[in-house]
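Participant: Prediction below, plus the sequence it came from.
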Amino acid sequence: MPMRVKKLLGFALFLPALVLYFFAAAALGERVPNFQLLKVSYFLIAGIAWAFPAKYLMVWMNRGPRSTKPAPEQD
């Protein structure tokens, strides 16, 4: 798959997924008990957690095309 298509597809998946994640995290954050330390901890974790799946998407988007030459034979 060409790099331009991979980046376009990755961006088209990433942006709506990120917006959906933020709305879901905020809605779920409303259900956290009204204890400030607990709320701060939740939003800190939720604010960082989106980066882990995004990292793998970015690595996939920036990976070059696969090599089509056959693997060397082993004797």
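Facilitator: Sure, I can see it.
Participant: Can you point out the helix or strand that includes the residue nearest the centre of the chain?
Facilitator: In the chain, the centroid-proximal residue (Cα atoms, centre = their mean) is residue 54; its distance is 1.9 Å. Here residue 54, judged by DSSP states H and E, is contained in helix 51-62.
Participant: other SSEs contacting that helix?
Facilitator: When contacts are defined as 3 or more Cβ pairs under 8 Å, 6 or more residues apart in numbering; DSSP states H and E, helix 51-62 sits against helix 3-29. C-beta: built from backbone N, CA, C; applies to glycine.
Participant: downstream neighbour of the helix it packs on in the secondary structure list?
Facilitator: helix 36-49.
Participant: quick one: contacts of that following helix?
Facilitator: Contact partners of helix 36-49, identified using Cβ atoms under 8 Å, 6 or more residues apart in numbering, comprise 25, 28, 29, 32.
Participant: do that again at 7 Å, thanks
Facilitator: 25, 29, 32 (Cβ atoms under 7 Å, 6 or more residues apart in numbering).
Participant: Let me know how buried residue 46 is, in neighbour terms.
Facilitator: For residue 46, the tally of surrounding residues (other Cβ atoms under 10 Å) stands at 17.
Participant: Same check on residue 43?
Facilitator: 14.
Participant: what's the distance between it and residue 37?
Facilitator: As for residue 43, its distance to residue 37 is 11 Å (criterion: Cβ to Cβ, to the nearest Å).
Participant: If any of the contacts of helix 36-49 are buried, put those into a ChimeraX selection.
Facilitator: Remark: buried members of the contacts of helix 36-49, expressed as a ChimeraX selection using 16 or more other Cβ atoms under 10 Å:
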select :25
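Participant: Many thanks, I have nothing further to ask.
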